[in-house]
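> sequence and computational prediction follow.
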Amino acid sequence: MSPDKTIDALYAFTDCECNIAPNACVIVDGKPQFLSVKDILTYDTFHTRDLLEWQLRIRLDELEDEWHYDSLERIFFENRIYKILEQDQRSWEEQLDDVFAEMKNYQDLLRREITMEDIHKLVEKPVRKISKFDTKAMDEKIASIEAEMEKVRDNIEHITQYTIDWFKGLKAKYGKQFKRLTEISAFETIAVTKVVSNNAKLYANYEEGFVGLNLKKDDNGVFVSECSDLSEILVIAKDGKYRITKVTDKAFFWKDLLYVGVFNRGDERTIYNVIYRDGKTSVSYAKRFSITSVTRDKDYDITTGKEGSKILWFTVNNNGEAESVRIYLRPRPKLKKTQMEYDFSTLGIKGKASRGNLVTKFAIAKIQLKSKGVSTIGGKDIWFDADIQKLNDEQRGVYLGEFGPEDKVLAIFKDGTFYTTSFDVSNRYQGQILRIEKFDPGKTFTALYWDASAKAFYVKRFSFVLSDNTPQSFIAPGAKSYLVDITDDKHPQFQVIFGNKYEHRDPENIDAEEFIAKKGYTAKGKKCHQYDLKKVRFIEPLDKPDDDVILSSAPYPGKGSPEESPAAGAAPASEEPIDIMPEEPAGKLPDIEDLPDEGDFFEPTLF
């Protein structure tokens, strides 16, 4: 079993993934509320912003007080107001009043009113403070306070940006000590029916009409395919009726079953090619259709539903193939040609309820396969979702291209390894992906890497090969060897920057095509330069004259007119038209009596 499917199955069937309701009951403004994680984080973030603003305003008040007192002190000492204290006064209170009155003369130099409390703090200064007072130092101190006040006011005005910077500061200070232990990653919905393993076998008794998992040999059960106990199955009878239902141990449908198989909902690439007889007439129709979604356990009809209808030819084509068949008609008077060819590729894919196109009005004796066809619906479009590192066909992520049955996906990783996989949408790519694309065995890549053992940068040109999901390294072995870069430019050019004693040399640009020939991916390559290098890197690729080729106006094979270049797979044109429907007066279609006996009809073949 694929390890990728195993991982998805573990998430789907075990407790590797559990649904947890993140809503919490918290008290907000004195009331209980149920908030999500996002709501809580939003509330806490804005609350942190409010607290930071509160702290800034407290600090601003502290700076205002400090500036006011230092300014008072400078006025008190510079203007020698302290000498009032040396005069003879009747009382201490009178001296304080005189100091207060003198200080009031300098009120316009301050930002707030002078109070008696300020005077008490000034006169409490010791005498040594007066003798050591330095006006220049005081001016510098006041200037620094004013600068800090201006910064605090700016932070308050831009409190949101200040809060962001505060959180960044926390991460820078404590991030290395307390690394994140969880991983932020995108999730996808894993459908149980897509990841369940094939743990059962489906059997069918086509003649009696029984289908199930537990048909015994005594029930004449024939092995159909592997499936799971959650699979849906498609059952088609020879008269065109069909039903989609969940697989069971044993269930009866209709006698004379034509087809039994596992059904995949939404599968637009599986195309059914059918030729059927319409009722009890001799008229036959052909149709191509897909079954993408239906109501479970409801009967449908491939034909028009008329009594006596029967499927004469039926194939299931998982990639939309369209075969060619040879039809043998029942001989009858005036019928010049008793056989004809029919190419399903000329028939458009329509809805499952459509009648189809007319094949012939004459009775068909049997139908044989002439040639197997190719896909008519092209490849499957595949995208890569980098968030979950998985492929998908739902147009999520980077478009990788249109994939055919034999195409592969190439994944290149930053550690210098690669591997190829199928384009199954269950594939998961672990590791640091450098690039992922549709595999092209002829594409030439150029890689720059550091060889730890040689202590030098190397360059190599090569093509990747199929590795069947097995990682392979395309750089030199060694724990300290690393990939610098890789490119698929047609004419790559890289630049070398010198180091050590050659650091004075100017950088050199080197044509990779001329420097080294293309070799295998396991080759070591060539040293980028004989001198010590500090750095190597790819630069703008070269534009060579060989790229400017004037194309001929003559059509390429397969690109001209239909007369010059017939479509691939189309039947060769006949020199003379085949008249299989002679002119005859319009009237009632031949009755069932004109048909051969039931046993003469060719039983439909399954491919």
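Yep, that arrived.
> switch to C-alpha atoms for all contacts and neighbour counts from now on
Fine.
> only the C-alpha atoms, please, for stretch 345-362, written as PDB.
Below are the C-alpha coordinates for stretch 345-362, written out as PDB (Å, rounded to 0.1, in the frame of the first residue of the first chain):
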ATOM      1  CA  SER A 345     -14.000   8.800 -31.900                       C
ATOM      2  CA  THR A 346     -16.400  10.600 -34.300                       C
ATOM      3  CA  LEU A 347     -19.000  10.500 -31.600                       C
ATOM      4  CA  GLY A 348     -19.200  13.200 -29.000                       C
ATOM      5  CA  ILE A 349     -19.500  12.500 -25.300                       C
ATOM      6  CA  LYS A 350     -23.000  13.400 -24.100                       C
ATOM      7  CA  GLY A 351     -25.200  12.900 -21.000                       C
ATOM      8  CA  LYS A 352     -26.100   9.400 -19.800                       C
ATOM      9  CA  ALA A 353     -29.700  10.000 -20.600                       C
ATOM     10  CA  SER A 354     -29.200  11.000 -24.300                       C
ATOM     11  CA  ARG A 355     -30.500   8.700 -27.000                       C
ATOM     12  CA  GLY A 356     -27.300   8.800 -29.000                       C
ATOM     13  CA  ASN A 357     -26.600   8.800 -32.800                       C
ATOM     14  CA  LEU A 358     -28.200   6.600 -35.400                       C
ATOM     15  CA  VAL A 359     -25.900   3.700 -36.500                       C
ATOM     16  CA  THR A 360     -28.200   1.800 -38.900                       C
ATOM     17  CA  LYS A 361     -31.800   1.100 -39.500                       C
ATOM     18  CA  PHE A 362     -31.100  -2.500 -40.400                       C
END
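> pLDDT of that stretch, averaged?
Averaged across stretch 345-362, pLDDT comes to 90.
> now swap in stretch 50-60 and tell me
94.
> just the helices in the stretch 201-350 of the chain please.
Applying DSSP state H, counting those that start in this stretch to the stretch 201-350 of the chain gives no helices.
> give me the low-pLDDT residue ranges for it?
217-218 (pLDDT under 70).
> by mean pLDDT, flag the weakest helix or strand of this protein.
Using mean pLDDT, DSSP states H and E, the weakest-scoring helix or strand in the chain turns out to be helix 127-131, at a mean of 49.
> what mean pLDDT would you report for the helix or strand following that helix?
Per DSSP states H and E, the first helix or strand lying C-terminal to helix 127-131 is helix 135-157. For helix 135-157, mean pLDDT is 88.
> helices and strands around helix 135-157, which ones?
helix 37-78 (3 or more C-alpha pairs under 8 Å, 6 or more residues apart in numbering; DSSP states H and E).
> so how far is the helix it packs on off the chain centroid?
Here the centre of helix 37-78 is set off from its chain's centre by 48 Å, with C-alpha atoms, centre = their mean, to the nearest Å.
> how about stretch 377-395?
Centroid separation for stretch 377-395 versus its chain: 7 Å, with C-alpha atoms, centre = their mean.
> list the buried residues in it.
Buried positions in stretch 377-395, judged by neighbour count with 16 or more other C-alpha atoms under 10 Å: I377, G379, D381, I382, W383, F384, D385, Q389, K390, L391, N392.
> what sits against E78?
T135 (C-alpha atoms under 8 Å, 6 or more residues apart in numbering).
> now do the domain split for this protein, please.
Domain assignment for the chain by automatic domain parsing gives 37-174, 398-547.
> worst average pLDDT in those?
Minimum mean pLDDT among the domains of the chain: domain 37-174, a mean of 84.
> so how far is that one off the chain centroid?
59 Å.
> which residues sit against the helix or strand hosting E117?
Here E117, judged by DSSP H and E, is contained in helix 116-123. By C-alpha under 8 Å, 6+ apart, the residues outside helix 116-123 that reach it are Y69, L72, E73, F76, Y82, L96, V99, F100.
> ok, and for that helix, which residues are buried?
Buried residues in helix 116-123 (16+ other C-alpha under 10 Å): I119, L122.
> now the angle from that helix to helix 37-78?
60 degrees (axes from the mean of the first three to the mean of the last three C-alpha atoms, to 10 degrees).
> mind listing what D385 touches?
For D385, the contact set (C-alpha under 8 Å, 6+ apart) comprises L391, N392, R396, G397, V398.
> repeat that for 6 Å
Residues counted as contacts of D385 (C-alpha atoms under 6 Å, 6 or more residues apart in numbering) are R396, G397.
> would CSV of the contacts of helix 116-123 with neighbour count and distance to A286 be doable?
Putting the contacts of helix 116-123 into CSV (neighbours: other C-alpha atoms under 10 Å; distance: C-alpha to C-alpha, whole Å) gives the following:
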residue, neighbour count, distance to A286
Y69, 19, 102
L72, 22, 106
E73, 19, 107
F76, 21, 111
Y82, 16, 117
L96, 17, 117
V99, 22, 116
F100, 19, 114
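> now those residues in JSON lines, with distance to N155?
As requested, these are exported to JSON lines (distance: C-alpha to C-alpha, whole Å):
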{"residue": "Y69", "distance to N155": "24"}
{"residue": "L72", "distance to N155": "27"}
{"residue": "E73", "distance to N155": "29"}
{"residue": "F76", "distance to N155": "33"}
{"residue": "Y82", "distance to N155": "39"}
{"residue": "L96", "distance to N155": "40"}
{"residue": "V99", "distance to N155": "38"}
{"residue": "F100", "distance to N155": "36"}
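> and F210, which of the domains of the chain is closest to it?
Nearest to F210, of all those, is domain 398-547, at 32.6 Å by C-alpha to C-alpha.
> now that closest one: how far from the chain's centre is it?
24 Å.
> same question for stretch 21-29.
34 Å.
> could I get the CA-only coordinates of it as CSV?
Output of stretch 21-29 as CSV, limited to C-alpha atoms (Å, rounded to 0.1, in the frame of the first residue of the first chain):
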residue,chain,number,x,y,z
ALA,A,21,-14.3,22.7,19.6
PRO,A,22,-12.0,25.7,20.4
ASN,A,23,-14.7,27.8,21.9
ALA,A,24,-14.0,28.8,25.5
CYS,A,25,-16.2,30.4,28.2
VAL,A,26,-14.6,33.6,29.4
ILE,A,27,-15.7,36.6,31.5
VAL,A,28,-15.9,39.8,29.4
ASP,A,29,-17.0,43.0,31.1
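> quick one: mean pLDDT over that stretch.
Mean predicted lDDT for stretch 21-29 stands at 81.
> need the residues that contact that stretch.
P32, Q33, F34, L35, S36.
> can you count the residues close to R243?
18 (other C-alpha atoms under 10 Å).
> thinking it is in contact with I302, fair?
No: counting by C-alpha atoms under 6 Å, R243 does not reach I302; the two are 10.5 Å apart.
> how far off centre is stretch 311-319?
Relative to its parent chain, stretch 311-319 has a centroid offset of 34 Å by C-alpha atoms, centre = their mean.
> mind listing what's buried along it?
I311, L312, W313, F314, T315, V316, N317, N319.
> kindly report the same for stretch 54-61.
Buried residues in stretch 54-61, counting neighbours by 16+ other C-alpha under 10 Å, are found at L56, R57, L60.
> do the same with stretch 444-457
Of the residues in stretch 444-457, those buried (16+ other C-alpha under 10 Å) are T444, F445, T446, A447, L448, Y449, W450, D451, A456, F457.
> in JSON lines: those, plus secondary structure and distance to R505.
Putting the buried residues of stretch 444-457 into JSON lines (DSSP: H, G, I helix; E, B strand; the rest coil; distance: C-alpha to C-alpha, whole Å) gives the following:
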{"residue": "T444", "secondary structure": "coil", "distance to R505": "31"}
{"residue": "F445", "secondary structure": "strand", "distance to R505": "29"}
{"residue": "T446", "secondary structure": "strand", "distance to R505": "25"}
{"residue": "A447", "secondary structure": "strand", "distance to R505": "24"}
{"residue": "L448", "secondary structure": "strand", "distance to R505": "21"}
{"residue": "Y449", "secondary structure": "strand", "distance to R505": "22"}
{"residue": "W450", "secondary structure": "strand", "distance to R505": "21"}
{"residue": "D451", "secondary structure": "strand", "distance to R505": "23"}
{"residue": "A456", "secondary structure": "strand", "distance to R505": "17"}
{"residue": "F457", "secondary structure": "strand", "distance to R505": "17"}
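> nice, that's everything, thank you.
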